[in-house]
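one predicted model, sequence on top.
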Amino acid sequence: MSEQTKRVALITGSGSGVGRACAVRFAKLGFDVVINYLGKVEEAEETRRLAENHGSQVLLAQCDVSQNEEVVEMLRKVEDRFSRLDVVVNSAGTTHFVDHDDLAAMDEAKWDSILAVNTKGPFFVIRAAIPLLQQSEGAAVVNISSAAAFSGSGSSIAYCASKGALNTMTKSLAKAFAPKIRFNAVCPGPINSTWLRQGMTEEEIEERVSVIPIPELIQPEDVADTVVYLALESSKSTGQILVLDGGRTM
């Protein structure tokens, strides 16, 4: 196998949305990319096409990040294909839309599914990626969290809690692996996505956005900008939790 000289970024949940925006942005910056997805292969193939248009070598990796064995196998494929890994972006996430005062509806199965993907998933990915990241100069991990971790407002209580836990885990990992690997998180407000519209009407979205100092939905590309800043441009930042919500949580 020839020596891999291009940097490599693994982005979980990159079949669409924020993950796709991050994959394309790293491709533009000259990275080869690992596109992780779980659902529609057609979406992942579209992300692949967009990344390859910028000259990237792409590895498609279907994997449920909440399943440790699948994550370990994905990282084995990354090592076999590229022999290196420089950046990990944990973008895979899930939720259930449950009113916060409906405690009965926030049942154990929903709790387990949300925590498995949003909190355990990033941990599994990071744990499996550590050996490759430790071989990289300037390795970085960026976790996609949520402003819901600060506000307590979001799709469900379990979702807010899962992102609060992710923020704390980011800080713990930053301390544990400094200075070799930097860990940071970005906390977007409501993102312009089909996911948001699964739980809210257009009228509800407009009402929520109208009271924000910058009254606009966050775009996936806005999040990608912040991810690149934390991963590549802010070499002294680690353990930081950067809110990107148009001023909503001020």
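Received, thanks. If you're wondering where the values come from, they're calculated on a predicted model, not measured in any experiment.

what's the mean pLDDT across the helix or strand Ala176 falls within?
Using DSSP states H and E, Ala176 falls within helix 157-177. The average pLDDT within helix 157-177 is 98.

which secondary structure elements does it contact?
Helix 157-177 is packed against helix 108-115, helix 121-133, strand 139-144, helix 148-151, strand 181-188, strand 241-244, with contacts defined by 3 or more CB pairs under 8 Å, 6 or more residues apart in numbering; DSSP states H and E. All C-beta spots, glycine's among them, are computed from the backbone N, C-alpha and C.

run the chain-centre distance for the fifth one.
Taking CA atoms, centre = their mean, to the nearest Å, one finds strand 181-188 lying 9 Å from the centre of the chain it belongs to.

quick one: mean pLDDT for that strand?
Mean predicted confidence for strand 181-188 is 98.

strand partners of it, parallel vs antiparallel please.
strand 139-144 (parallel), strand 241-244 (parallel) (DSSP bridges).

contact partners for the spatially most central residue of the chain?
By CA atoms, centre = their mean, the chain has its centre lying nearest to Ser91, at 1.7 Å. Applying CB atoms under 8 Å, 6 or more residues apart in numbering, we find Ser91 in contact with Ile11, Thr12, Gly13, Ser14, Gly17, Val18, Gly19, Cys22, Ile144.

out of the strands paired with strand 181-188, which gets nearest to Ser151?
strand 241-244 (9.6 Å; CB to CB).

okay, now the residue nearest to Asn118 when sequence neighbours are not counted: neighbour count?
In this structure, Asn118 finds its nearest non-sequential neighbour in Ser162, 3.7 Å apart by CB to CB, 6 or more residues apart in numbering. Ser162 has 28 neighbouring residues, counting by other CB atoms under 10 Å.
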